[in-house]
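Chemist: got a structure for you, letters missing:
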């Protein structure tokens, strides 16, 4: 037997135990679950937000107004010029949402008087000289309609905008402030105006027209 001592190199190998594997699997599962929940929640929130936006858009589209026929201008007299403007509107989508056209004024003895009703539809007037945010206007109907102030189906609403004061027999220009044009503010021949009908929940109709070179009693501004 040799006198040299033999040495043995012992290598220590640490393996992954079953417990470590279970812990790792649990950790991965928790992380994946949290990520999936976060992604799902974000997706649902985005989807709901998009749906609300679409719904609002459809509500506004569903109550869009459309001009039917021309815009008529009526001359009060040669001094005042145009006294009132009239146009007819329909609900562009006949199956859309009804449009509230509760009028701020009624006709009494041929003259516009305040209705006293809460209204949301507003007609504004503007030209190069002045602007009226809430004009005097009255409502009539062409043909059959339901017994309310909602424009729906195939109904045709006639809107008359009164630019100057009228008492049922004569026109005056003594109003010095809105809702009428004040003295000195006249819609004469060659005059350009803009009328805007705004309703809730967002239907808007804008009409830009220019008076002919000669004023007649009734003028179709097309």
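Modeler: Yes, it's here. None of these values were measured; they are calculated from a predicted model.

Chemist: Got the phi and psi for residue 139?
Modeler: phi -120, psi 140 (degrees, to the nearest 10).

Chemist: Leaving out sequence neighbours, find the closest residue to it.
Modeler: Spatial nearest neighbour of residue 139, chain neighbours left out: residue 103 (4.0 Å); criterion: C-beta to C-beta, 6 or more residues apart in numbering. Bear in mind the C-beta positions are built from the backbone N, C-alpha and C, glycine included.

Chemist: quick one, what contacts that neighbour?
Modeler: With contact set as C-beta atoms under 8 Å, 6 or more residues apart in numbering, residue 103 has these partners: 115, 117, 119, 121, 137, 138, 139, 149.

Chemist: for the first one, what are its contacts?
Modeler: To tie it back to what came earlier, the one meant is residue 115. By C-beta under 8 Å, 6+ apart, the contact set of residue 115 is 102, 103, 104, 105, 106.

Chemist: ok, now with 10 Å
Modeler: Residue 115 sits next to 102, 103, 104, 105, 106, 107, 108, 138, 139, 149 when contact means C-beta atoms under 10 Å, 6 or more residues apart in numbering.

Chemist: For residue 103, see how far away it is.
Modeler: 6 Å (C-beta to C-beta, to the nearest Å).

Chemist: sorry, back to before: whichever of the contacts of residue 115 end up buried, select them in PyMOL.
Modeler: Entered in PyMOL, the line below selects the buried ones among the contacts of residue 115, by 16 or more other C-beta atoms under 10 Å:
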select buried, resi 103+104+105+107+138+139+149
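
Chemist: between the contacts of residue 103, which is closest to residue 178?
Modeler: residue 137 (12.6 Å; C-beta to C-beta).

Chemist: A strand includes that closest one, no?
Modeler: Yes. Under DSSP: H, G, I helix; E, B strand; the rest coil, residue 137 sits within a strand.

Chemist: measure it to residue 173 for me?
Modeler: Relative to residue 173, and taking C-beta to C-beta, residue 137 is found at 18 Å.

Chemist: Neighbour count for the two, which is higher?
Modeler: residue 137 (25 against 21; other C-beta atoms under 10 Å).

Chemist: and the more buried one, what is it in contact with?
Modeler: With C-beta under 10 Å, 6+ apart, residue 137 has these contacts: 84-86, 101, 103-105, 112, 119, 121-123, 125, 159-162, 179, 195, 197.

Chemist: Now go through these and say which are in strands.
Modeler: Per DSSP state E, strands hold the following members of the contacts of residue 137: 84-86, 105, 112, 122-123, 125, 159-162, 195, 197.

Chemist: which of those are buried?
Modeler: Here, 16+ other C-beta under 10 Å leaves 84-86, 105, 112, 123, 125, 159-162, 195, 197 buried among the ones in strands among the contacts of residue 137.

Chemist: still on that earlier bit, rebuild the contacts of residue 103 as JSON lines, extending it with distance to residue 207.
Modeler: JSON lines is the format used below for these (distance: C-beta to C-beta, whole Å):
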{"residue": "115", "distance to residue 207": "23"}
{"residue": "117", "distance to residue 207": "24"}
{"residue": "119", "distance to residue 207": "20"}
{"residue": "121", "distance to residue 207": "15"}
{"residue": "137", "distance to residue 207": "13"}
{"residue": "138", "distance to residue 207": "17"}
{"residue": "139", "distance to residue 207": "17"}
{"residue": "149", "distance to residue 207": "21"}
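
Chemist: Cool, thanks, signing off.
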